[in-house]
Each structure stands twice: as C-alpha cells, then as structure tokens.
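Enquirer: 3D, please:
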Amino acid sequence: MLLTMSLPRAHAGPGRRGDARAPPPAADAPAPLGGRVVAAAAGLVVLHVVLAWLVRQPAVTTGNDDALYLLLARALRAGTYRDLHVLGHPWHSQYPPGYPLLLALFGGTLGPGITGAVTFGILASAVTLVALFDMARRHLPPLYALTLLALLAVSPHLLAFAGSVRSETPYILLTVLSLWLLVVLPERRAAVAAGTALAVLAALTRSVGLAIVLALGLVWVWERRWVRVGWLALLGGITVGLWLLWMFKAPEQFEARSYGVMLKLGSPTERTTLGLVQGRVMRAVQAFLLDGGLGSALGLPRIPGTSLDNIVGMLGTLALALVGLVASRSWSHW
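Expert: Residues are numbered from 1 along each chain as shown. Got it, this is the predicted structure:
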C-alpha cells in the first residue's frame, strides 16, 4: 500500500501507454519552496545578523587571539608573515595564514577599530546559515529545515563567533561551502574542484580543518575515485602538509604559543605523535563527556559534584537525535 501511495500513477487511456510516466526529479533539484518558507528562512537569517551585531565584540580584547590575528593580518598586508609584536619579528608558526589573509582582504582597518573584521564575520555566518538551510531542505521536509535554521540562528556559540574576531566563523563557512558543493553538485567537475579547494582552505584557516581533508580522502578512497584522491593529496600536500611541517620545524617557537613546543614539553608518554594523539583523545573524552563540556555546549542542566548527569544528558540527546532521524526518514517515505 505504501508503495502504491509513494509512486505516481500512470494514466492509462486512449492514446496513452499504461507505463508512461514522467521521469523522477533529480536528487539535486528539490521541489521549489513556498513563499512563506522562503520568507521565514530569510527572516531567521536576518534575525541572526541582528543578534550577532547586538552582541558583537566592541574592541580588541586580551582574553582570546583577536589581537594576534589582527597583527598577522597587518603583517600580510606588509608582505610578510612575522610576529610583529615579538622582539626580532620571527616568522609566525602557530596559526595557519588562512584567517589572517581573509582579514587582510576584508577586515577593514585592522584596529584599533574592529568594525570591518566583525562585519565580515557576521556576513560569513549568515552565508553559512543559508548554505546549511539549502542542504537541509534538499533532504528534509521544509518544517524540519526551518527548525534547524531557527536553532542555528539563535545559537549562543554561533552568535559569539560571528560577532568577534575569531577564526571559527570563516572555518565553518569554508567547510559548509565545501560540503554544499560536494553534496548538491557531486558529479560536476568544477564543483568538485571548488569543493576540494575550499576544504583545503578551511584547513589553512584552522589546523583542525585537517579533519575535513582527511574525511574527503577517506570517502573518495571508499568510492574508488582515485583521480579525486590524487588531486586532493597533491593540493593538500603542497599547502596544508608544508604548513604542518613548518609548524613543527620552525626554528623560533615559544612555549604555550607553538604546537611544536607543546609536543616537545608533553609528558613522557606524549613525546611521540601517537602518544600525543592518545593523550589528547583521553583528555577530550574527560572534558566533553564526563566533566560537562558537551552538556554545557548543549545547555543541559548540571548537578555539581557528579558526572552521572552529564552521561545521562548525553545519552538522552543522542536518543532524541536518533528519534528525529528515524522520524525524518519515515516522513520522507510518505
């Protein structure tokens, strides 16, 4: 019964063949959205922009890395990538140049006023929401996609990232745009090339972006798309690979401001690459799952002095996510 409901009926009659039916729509060509859905989505994006502007960072602070990013952007405008605030102006080796380059291009005056840099971050966040909504509405009912957009539009973390001089916002934007191109236009060469380039650029914006490059490589190895794997390895190797090599081999590094020094000063079990990864994974599990980092990010209530509430909250959240996934798949069958 469900099968007959889900398939379009052929109209048999004079001059028509019983098996004649229109071809199914392409996967990347969803049904057009209604005017109300478009208006609601646009309103949520505008709301996100307004809220991010209201909670924006008014000036350079000393608690984060905004001052350092602005100085690196100034250095790039001067044709170099040195630590201008350090005696001797050594070459910088901690943060990849992607975000400072974006600031140098679109960040305005780069201090003491930071309006240009903050405006760039807010606009980047708005574009991210648009791309995420477009991907969601291709795979979910419009109401589900709007709900996702609403949650993202008022997310305290996204608003804080957008309204400050931080690399998280452009990193998220580049990652989402890369996924949008590869998901929506998976067989178009230009889109695949652009998506690959954006993934590499994301890794040059934040070092953690190496994960998206490795993930793409694994997916394409699984699909046996060897040409894509080769181009990704070549492009990533001569950019991200060389940066990582410089990050650990730079001659002038500083404690607590260099990942290479952090590796050398780790505990005896963390003085190898494998030991460092193992130590970081265990500390991340402790911080995010047991000490409440994940629960705090999700806004879950906490009980001081115990980790049980964090575990229960995490399992409950995963259960609700599973229910939502099953419900969305069931909805799509109808």
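Enquirer: Sort out which residues of stretch 72-87 are buried, please.
Expert: For stretch 72-87, the buried set under the neighbour-count rule, 16 or more other CB atoms under 10 Å, comprises 72-76, 81-83. Bear in mind the C-beta positions are built from the backbone N, C-alpha and C, glycine included.
Enquirer: Looking at these, which is nearest Pro112?
Expert: Ranked by distance to Pro112 (CB to CB), the buried residues of stretch 72-87 are led by Arg74 at 12.0 Å.
Enquirer: Determine which residue lies closest to the centroid of this protein.
Expert: Geometric centre of the chain, nearest residue: Ile172, 2.9 Å, by CA atoms, centre = their mean.
Enquirer: To what extent is the closest residue to that residue other than its chain neighbours buried, counted in neighbours?
Expert: Nearest non-adjacent residue to Ile172, counting by CB to CB, 6 or more residues apart in numbering: Thr128, 5.5 Å away. For Thr128, the count of nearby residues is 25 (other CB atoms under 10 Å).
Enquirer: Tell me who's in contact with Thr128.
Expert: Neighbouring residues of Thr128 by CB atoms under 8 Å, 6 or more residues apart in numbering: 169, 172-173, 176-177.
Enquirer: Check Val127 too.
Expert: 173, 177.
Enquirer: likewise Ala39?
Expert: Here Ala39 is in contact with no residue (CB under 8 Å, 6+ apart).
Enquirer: quick check, the residue nearest to Ile172 in a strand?
Expert: No: using DSSP: H, G, I helix; E, B strand; the rest coil, the assignment for Thr128 is helix, not a strand.
Enquirer: can you pull the pLDDT of it?
Expert: On pLDDT, Thr128 comes in at 97.
Enquirer: element containing Leu132, please.
Expert: Using DSSP states H and E, Leu132 maps to helix 115-139.
Enquirer: Trp53 too?
Expert: Using DSSP H and E, Trp53 falls within helix 35-54.
Enquirer: Taking helix 115-139 as reference, get the angle to that helix.
Expert: Relative orientation of helix 35-54 and helix 115-139, computed by axes from the mean of the first three to the mean of the last three CA atoms, to 10 degrees: 150 degrees.
Enquirer: Give the next helix or strand downstream of helix 35-54.
Expert: On the C-terminal side of helix 35-54, the closest following helix or strand by DSSP H and E is helix 66-77.
Enquirer: Please enumerate residues in contact with stretch 186-193?
Expert: 28, 181-182, 184-185, 228, 231.
Enquirer: now, among those residues, which is nearest to Leu146?
Expert: Using CB to CB, Val184 comes nearest to Leu146 of the contacts of stretch 186-193, at 18.6 Å.
Enquirer: got a list of what that closest one touches?
Expert: The contact partners of Val184, by CB under 8 Å, 6+ apart, come to 28, 134-135, 138, 191.
Enquirer: now it: how far from Leu132?
Expert: Plainly put, Val184 is 12 Å away from Leu132 if you go by CB to CB, to the nearest Å.
Enquirer: now do Arg225
Expert: For Arg225, the distance to Leu132 - CB to CB - is 25 Å.
Enquirer: So between those two, which is more surrounded?
Expert: The neighbour count for Arg225 versus Leu132, taken as other CB under 10 Å, is higher for Leu132 (18 against 14).
Enquirer: list the contacts for the residue lying closest to Arg137 once chain neighbours are set aside?
Expert: Distances taken as CB to CB, 6+ apart put Ala145 closest to Arg137, at 4.0 Å, once the chain neighbours are dropped. Applying CB under 8 Å, 6+ apart, we find Ala145 in contact with 41, 133, 136-137.
Enquirer: Distance to Ala202, pLDDT and neighbour count for those - can I get that in a markdown table?
Expert: As requested, these are arranged in a markdown table below (distance: CB to CB, whole Å; pLDDT from 0 to 100; neighbours: other CB atoms under 10 Å):
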| residue | distance to Ala202 | pLDDT | neighbour count |
| --- | --- | --- | --- |
| Ala41 | 24 | 94 | 22 |
| Phe133 | 20 | 95 | 24 |
| Ala136 | 20 | 91 | 18 |
| Arg137 | 23 | 90 | 21 |
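Enquirer: Report the two of the residues you listed separated the most.
Expert: Greatest spatial distance among the contacts of Ala145 (CB to CB): Ala41 and Ala136, at 10.1 Å.
Enquirer: Mutual contacts of the two, please.
Expert: Shared contacts of Ala41 and Ala136 (CB under 8 Å, 6+ apart): 145, 149.
Enquirer: Against which helices or strands is the strand or helix carrying Gly230 packed?
Expert: Under the criterion of DSSP H and E, Gly230 resides in helix 226-236. Here helix 226-236 touches helix 189-203, helix 210-222, going by 3 or more CB pairs under 8 Å, 6 or more residues apart in numbering; DSSP states H and E.
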